[in-house]
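Peer 1: Coordinates for the following, if possible.
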Amino acid sequence: MSADFDPAEILPDELLERMRERAAVHDRENTFPDDDLTDLKDAGYLAILVPKELGGAGLGLAEASVLQQRLAGAAPATALAINMHLVWTGVAKVMADRGIDALRFVQEGAAAGEVFAFGISEAGNDLVLFGSGTDAAPLPDGGYAFTGTKIFTSLAPVWTQLGLHGLDSSSPDAPQVVYAFVPRSEVQADRVVVRDDWDTLGMRATQSRTTELHGALAPADRVVRRLAPGPNPDALVFGIFSVFELLLASVYTGIARRALDLAVAAAGARTSKRTGKAYSQDPDIRWRIADMALAYDALPPQLAMLCRDVDEQADHGARWFSLLAGVKHRAVTAAKAIVDDAVLVAGGSSYFSRNELSRLYRDVLAGLFHPSDPESAHSAVATAWLGPLDE
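Peer 2: Prediction:
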C-alpha cells in the first residue's frame, strides 16, 4: 500500500456522513442511492482501480479494500452495489498486470463514467463461473446473443454495461463458456428487461433486480473470453474470483467495524440502574466488546495481505481458491457475529427499524448468499489441506 495513500481524501468524513443519513432513507423507501453514485463519480471512485495514464487513480486492490471498508461503514448497500462495478475494473487490472489487455475498454469506460454491472448469478447455478444456464448464440460477425435470466444484478437502475457469461452450445468447439459485455441502449430495450422485483430484508439500496435477456447483443469487440466449462486457470476466471471475494469481504469487514463502533458508543452512553455506572464498566459488556474486537482485528490484516499478493502476483498455486474463499467466509461470519453482539450491547433500542444497528443486522445477512457459500468454502479448504476426495 502506498505510504501517501489517505482514504479520507477520497472519502472524506462529511461525505460519508451524508451517505449514512441517506442510507436510512433508501432502506426505508427501497430506492437506489442516485445521490451517492453522483458523489462517488465526482470523487473519481469509479476509476480508483484504473491506471493513472488512462484517467484513473491508479490504486491497487489493497487501497480499494480499505476504501470499501470505509464506505460500507457508512452505507453498506451503496458499497455492495458499487462493489460490482469495482469487480470488473479490478479484473481489468489483474489481467493488465499480467500482460493481458482484453479489458482495456472497461478501464477506459470507467474513467469516462460508465457503470459496469455483474451479470453472473443465475438461479440454481451452483457451477457459478464454471458453467451457465444462459444461452450464448454465436453471430456471424463474431458477437453473441444471450438468452436467459440473471439474478441479483446490482446497480440495476443505472448500469450502462453488463458483464455476463453464457454457454455456447452450437459452435464447432462447443461447449464454451462465453464472457462478454452487453451495452444498455434503446436498441436493446426489448432484449434486456430489468424487472422491478427487488424487495428484500436488507441491502435494499443495491436494487439488485432480476435481468431477463432475450437475445441481448454483445458486439464482437466486447466478447472477451471463450473457455471450456469447469475449473479453469485463465486470468479472467482468477481475476473475477479473487477481486470478487476480496472486495466482498471488505464490505462486510466495514460493516463489522461500524457495528463495533456503535457498540462502544452505546456502552459508554448507557448507565446501569443497578450500579449507577456506565455499561462500559460492566465486566460482561467489556468481555463482549473485547470478543467483538478480537474477531474484527483479524480481518483487515488478512485482507491487506491477500490484496497485496494479488497485486504483486504472488504464487499461491492451488491454495489460491481456499485462501480467497476462506477470507470471504471469515469476514461474513465474523461480521454477522459482531453485529449480533452489538445489538445485545446496545439493548432494546436497536430493535427499532429506525436504529442503525437494526439496518446493519439485516444488511449483514446478505453475506451468507454470496459465493463462496459456507459449503463451497469448507470444501475448498478441505481439499487444500486433505487433498481431493477419492473417486
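
Peer 1: And residue 109, how far from residue 89?
Peer 2: As for residue 109, its distance to residue 89 is 9 Å (criterion: CB to CB, to the nearest Å). Backbone N, C-alpha and C define where each C-beta goes, glycine included.

Peer 1: Give me the common contacts of these two.
Peer 2: Taking CB atoms under 8 Å, 6 or more residues apart in numbering as the contact rule, residue 109 and residue 89 both touch residue 116.

Peer 1: Export stretch 127-136 to PDB, keeping only CA atoms.
Peer 2: In PDB, the C-alpha atoms belonging to stretch 127-136 read as follows (Å, rounded to 0.1, in the frame of the first residue of the first chain):
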ATOM      1  CA  LEU A 127     -21.300 -24.000 -11.000                       C
ATOM      2  CA  VAL A 128     -21.100 -20.200 -10.900                       C
ATOM      3  CA  LEU A 129     -18.100 -19.300 -13.100                       C
ATOM      4  CA  PHE A 130     -17.700 -22.800 -14.400                       C
ATOM      5  CA  GLY A 131     -21.000 -23.100 -16.300                       C
ATOM      6  CA  SER A 132     -24.100 -21.200 -17.200                       C
ATOM      7  CA  GLY A 133     -27.800 -21.700 -17.800                       C
ATOM      8  CA  THR A 134     -27.800 -18.700 -20.200                       C
ATOM      9  CA  ASP A 135     -27.700 -19.500 -23.900                       C
ATOM     10  CA  ALA A 136     -24.900 -17.700 -25.800                       C
END
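
Peer 1: Check which residues of it are buried.
Peer 2: For stretch 127-136, burial by neighbour count (16 or more other CB atoms under 10 Å) applies to 128-132, 134-136.

Peer 1: same thing with stretch 50-57?
Peer 2: For stretch 50-57, by 16+ other CB under 10 Å, it's 50-51, 54, 56-57.

Peer 1: quick one on the thing from earlier: which ones among the buried residues of stretch 127-136 map onto strands?
Peer 2: Counted as lying in strands by DSSP state E, out of these, are 135-136.

Peer 1: follow-up on the earlier one: which one of the buried residues of stretch 50-57 is nearest to residue 115?
Peer 2: Using CB to CB, residue 50 comes nearest to residue 115 of the buried residues of stretch 50-57, at 13.5 Å.

Peer 1: Report the secondary structure state of the closest one.
Peer 2: Under the three-state scheme (DSSP: H, G, I helix; E, B strand; the rest coil), residue 50 adopts coil.

Peer 1: what separates the residue nearest to it when sequence neighbours are not counted from residue 113, distance-wise?
Peer 2: Nearest residue to residue 50, sequence neighbours excluded (CB to CB, 6 or more residues apart in numbering): residue 56, at 2.5 Å. The gap separating residue 56 from residue 113 is 12 Å, by CB to CB.

Peer 1: Run through this structure and note the low-pLDDT ranges.
Peer 2: Judged against pLDDT under 70, the chain has no low-scoring part.

Peer 1: any idea how it splits into domains?
Peer 2: What automatic domain parsing lists as the domains of the chain is 7-115, 117-227, 235-386.

Peer 1: which residues touch residue 225?
Peer 2: Counting by CB under 8 Å, 6+ apart, residue 225 touches 102, 177-179, 234, 236.
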